[in-house]
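*Asks:* Here is the input, now give the coordinates:
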Amino acid sequence: MKIHEVRALSTAAIESQLNDTKEELMKFRFQLTSGELSDFTRLRYTRRIIARLSTVLNERLRNPESEENHE
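*Replies:* Next comes the predicted model:
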């Protein structure tokens, strides 16, 4: 998910996507410890998605005028 795709989402959609992605990261961590995870790049990719979602969400919280344009 690219940053322009994240910015196109509503705030509620970003929060929902953030929660889902955090759960996915937790599952990947469990798979990593049990030895089931074969594609380690998914961890890195998932962490970056979480960072992008968090960044846009925090930008909107700091600048509420821009949030009106996205909801």
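*Asks:* got a list of what the residue nearest to the spatial centre of the chain touches?
*Replies:* When CA atoms, centre = their mean is applied to the chain, the residue found nearest the centroid is residue 50 (3.1 Å). Contacts were defined as CB atoms under 8 Å, 6 or more residues apart in numbering; by that measure residue 50 touches 18, 21-22, 25. The C-beta positions use only the backbone N, C-alpha and C, and glycine is treated the same way.
*Asks:* 10 Å - rerun?
*Replies:* Going by CB atoms under 10 Å, 6 or more residues apart in numbering, residue 50 touches 17-18, 21-22, 24-25.
*Asks:* give me the element it is part of.
*Replies:* Using DSSP states H and E, residue 50 sits in helix 41-62.
*Asks:* was I right about residue 49 contacting residue 18?
*Replies:* Yes. Using CB atoms under 10 Å, residue 49 is in contact with residue 18, at 8.8 Å.
*Asks:* quick one on the thing from earlier: narrow the contacts of residue 50 to those in helices?
*Replies:* Among these, the ones falling in helices (DSSP state H) are 17-18, 21-22, 24-25.
*Asks:* Return the set of buried residues in stretch 7-25.
*Replies:* Judged by neighbour count using 16 or more other CB atoms under 10 Å, the buried positions of stretch 7-25 are 7, 9, 14, 17-18, 21, 25.
*Asks:* can you check stretch 44-54 too?
*Replies:* Using 16+ other CB under 10 Å as the test for burial, stretch 44-54 gives 46, 49-50, 52-53.
*Asks:* Could you export these as CSV, including pLDDT and distance to residue 40?
*Replies:* CSV is the format used below for the buried residues of stretch 44-54 (pLDDT from 0 to 100; distance: CB to CB, whole Å):
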residue, pLDDT, distance to residue 40
46, 96, 11
49, 97, 16
50, 97, 16
52, 96, 20
53, 97, 21
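*Asks:* Common neighbours of residue 49 and residue 18, please.
*Replies:* Contacts common to residue 49 and residue 18, judged by CB under 10 Å, 6+ apart, are residue 6.
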